[in-house]
Each structure stands twice: as C-alpha cells, then as structure tokens.
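# A predicted structure for the sequence below; I have some questions about it.
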Amino acid sequence: MIQLVPRTGASGLWQVATPVLAVLATMLTGGLLFALLGHDPVAAIRTIFWDPLFGMAASYSRPQLLVKAAPLILIASGLAVGFRAGIWNIGAEGQYIIGGITGAGVALALHPLDAFWIFPAMVLAGLAGGWAWGMIPALLRNWFGASEILVSLMLVYVAQRVAAWMAFGPMKNPEGFGFPGSRNLQQYPSASNPELFANTGAHWGVFAALAAVVATWVLMSRHIRGFHIRAAGTAPRAARFAGVRPQVLVAFCLGLSGALAGAAGLFEVAGPAGQVTDKLGVGYGFTAIIVAFLGRLHPVGILLAGLLLALTYIGGELAQLTMQLPAASVQVFQGMLLFFLLGFDILTRFRIVRRVRA
C-alpha cells in the first residue's frame with residue numbers, strides 16, 4: 001500500500017528537482033500529443049526547444065527570446081511577491097492591458113510633440129495604470145472581504161473590452177483608413193521603445209525586468225517588508241501577533257504586481273506591438289503565473305523560467321510555420337507544464353512510503 005507521509009520540512013532537493021521533472025514530463029507528454037496529431041514527436045520537440053537557439057532560424061529567434069521573456073519576467077516578479085504572502089493576483093493580464101493603454105495615452109495625447117521626457121512619462125503612466133487596476137481587487141478584499149482571485153480575473157475581461165473600445169474609439173488612428181488601432185508609436189522616437197543593441201532584442205523592458213529581479217530579491221531577503229510577506233504566507237496568525245497588518249500587505253502586494261504588469265504592457269505597446277489594438281492582451285499575464293511557480297517564486301528561478309517559457313513561445317511559432325502544428329499546441333504545452341509542476345510539487349512536502357498490510 002502506497003501512502004504519502006508528511007515531511008518535517010520542505011525538501012530543498014525536491015524544490016530544485018520538481019521543475020526539472022516537470023519540464024521532462026512535459027516534453028514526453030507533449031511528444032505523445034504531437035504523435036497522436038500525426039507529427040514526428042522528436043522533430044516537434046527539437047523544433048520547439050533546440051531550433052530557436054541553434055537551428056537555421058537562430059539568427060532571428062535568439063533576439064526574440066529577450067523580447068518574449070522580458071514581460072514574463074517583469075510580471076512574474078510582481079506576482080511571486082503576492083503569492084509568497086498568500087495573496088493571489090490572477091488578473092495580471094488585465095493590469096498589463098490597462099498599463100499599455102495608459103502609457104500609450106500619454107504619447108497619443110501629446111502628439112505631435114517631440115520631447116525627451118515623453119517616454120519616461122509613459123513609463124510612469126503605465127506603472128500607475130497597472131497599479132490602479134490592481135488596487136481594485138485589493139480595496140474590495142479589504143473593505144468587503146471579496147476574493148481577489150475572482151475580482152482580478154473578472155477584471156481581465158473588463159480590460160479587454162476597454163482595449164477594444166479604445167482601438168475603435170478614442171485612440172483610433174485618424175489616418176488609419178478606418179482600421180482599428182492607435183497610431184504606431186514606433187514611428188515617433190520620443191514615444192517608442194526601440195532595440196538598444198542591434199540584433200539582441202534588448203529594449204528598455206529587458207532592463208526593467210532585470211531590475212525587477214534584483215529589486216524583488218532585495219525586498220524578500222533584505223527588507224522588513226519581505227519578512228512580513230514570508231511570515232504572512234507561512235503563518236498568518238503568527239504574523240498578526242508580530243505586528244503585520246493584513247490589509248496593508250494586500251494593498252502592497254496587489255499594487256506592486258499590478259504596477260509591474262502595467263509597465264510590461266507599456267514596454268510592449270511602445271516596442272514590439274507598437275500600438276493599442278483590440279488584441280492587446282496576448283496571454284503574458286496568465287503565462288507569468290506559470291513562470292512564477294516554475295521559478296519556485298524565487299527571483300533567479302523566475303529569470304530562468306521566463307527564458308524557458310519564452311523559448312516555448314518562439315519554438316511554438318516556428319513549429320507552426322515549419323510543421324503546421326495547431327496554434328493552440330503552445331498553450332497546451334504550457335498548461336501541461338503547470339499541471340506537472342503542481343503534481344510533482346507534492347513531493348516537496350510529502351514522502352512516498354510503501355507499507356505492507358498486516
């Protein structure tokens with residue numbers, strides 16, 4: 001008879017091993033899925049994980065790795081802080097969208113002004129927009145006890161409708177021949193987020209993501225607020241006796257994660273996306289949840305997990321072009337990764353013991 005016996009403490013070995021096992025299990029299961037779809041599983045896995053870095057298309061794919069990874073790492077860094085405290089922000093996708101809209105709104109409102117301070121103002125507006133959208137579930141939880149999970153998730157769909165309204169209405173390009181979408185910000189140097197080093201994909205969002213990794217590490221390991229967050233996540237009642245105020249912590253965590261998600265949206269709108277459209281949300285906010293957990297809610301782990309998930313985006317697009325894999329296969333692949341990660345994660349707190357019946 002097989003039983004799960006609780007460990008006296010979380011296993012450090014399994015905390016490192018479970019993400020690796022989850023990736024391997026995802027590859028094996030994904031290969032089986034591709035085989036059932038009539039494709040060569042080995043070729044599909046190679047196309048997703050190997051070809052973007054070392055294949056014939058590597059010269060194009062490698063710069064895209066940073067472009068895709070930056071928003072994932074930036075958003076996941078903020079989410080991980082809340083998750084460590086037991087505060088579950090599931091609506092980073094909506095905060096990402098609103099941050100992109102508010103940041104782009106600064107440049108569009110000032111058009112055709114050209115000044116060096118416009119892009120910094122856009123960054124601040126993106127931070128503020130994401131923060132404000134994240135504070136809605138925070139205030140509703142603090143005032144009325146509403147679940148931040150449901151509220152933040154429902155606000156994603158509200159943000160998507162706001163983006164569609166902006167693309168077809170107030171922000172619609174008057175010179176766009178009737179097509180929805182704002183002006184292309186890449187055409188205006190003072191409002192764009194260009195590649196800073198040729199053929200690297202590194203724009204200001206990449207450096208913001210690295211700064212977020214360092215800042216969250218300092219916060220969680222060197223600051224009293226990080227101690228409060230860890231205490232609230234592991235022993236909420238003890239944290240209250242230690243002077244931790246839950247309402248302040250909720251507002252801080254949801255505001256921080258919302259601000260970082262909003263900044264990610266701004267860097268995307270001013271850079272790779274270039275404009276506000278009704279398709280502004282591309283799933284980065286949801287994928288960042290996988291990044292946070294795959295990285296064990298640790299800044300360095302999030303950095304590595306963000307690069308891995310970005311690789312699945314690029315490799316999935318390459319597999320669609322070269323092997324005609326379904327577009328949804330990438331999302332299925334990412335979903336399986338989270339599924340296996342949560343499944344194997346039980347081994348960090350439980351041991352599998354075989355008992356012989358009397």
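Happy to help now that I have it.
# quick one: the helices in the stretch 51-200 of the chain, in order.
In the stretch 51-200 of the chain, the helices defined using DSSP state H, counting those that start in this stretch lie at 51-54, 58-84, 92-110, 118-144, 148-168.
# closest to residue 238 out of these?
helix 58-84 (15.4 Å; CB to CB). Placement of C-beta: from N, CA and C, glycine included.
# now that closest one: buried residues?
With burial defined by 16 or more other CB atoms under 10 Å, the residues of helix 58-84 counted as buried are 61-84.
# residue ranges in this protein under the pLDDT threshold?
Across the chain, the ranges flagged by pLDDT under 70 are 357-358.
# how much space between the residue most central in space within it and residue 338?
What sits nearest the mean C-alpha location of the chain, by CA atoms, centre = their mean, is residue 288, with 2.4 Å. Noted for residue 288: a distance of 11 Å to residue 338, by CB to CB, to the nearest Å.
# ok but residue 4 is inside a helix, no?
No - using DSSP: H, G, I helix; E, B strand; the rest coil, the assignment for residue 4 is strand, not a helix.
# which phi and psi does the nearest residue to it once chain neighbours are set aside have?
Leaving aside its chain neighbours, residue 4 sits nearest to residue 350 (4.2 Å; criterion: CB to CB, 6 or more residues apart in numbering). Main-chain dihedrals, residue 350, degrees, to the nearest 10: phi -130, psi 150.
# from residue 9, how far off is residue 350?
Applying CB to CB to residue 350 and residue 9 gives a distance of 12 Å.
# out of the two, which sits in the busier spot?
residue 350 (15 against 8; other CB atoms under 10 Å).
# for the more buried one, give the beta-bridge partners.
residue 6 (DSSP bridges).
# residues in contact with it?
Neighbour list for residue 350: 4, 5, 6, 7 [criterion: CB atoms under 8 Å, 6 or more residues apart in numbering].
# mind checking which of those are buried?
The buried subset of those (16+ other CB under 10 Å) is empty.
# which among the residues you listed gets closest to residue 179?
Closest to residue 179, out of all of the contacts of residue 350 and judged by CB to CB, is residue 4, at 56.7 Å.
# my guess is that closest one meets residue 346, correct?
Yes - assessed by CB atoms under 8 Å, residue 4 is found in contact with residue 346 at 7.2 Å.
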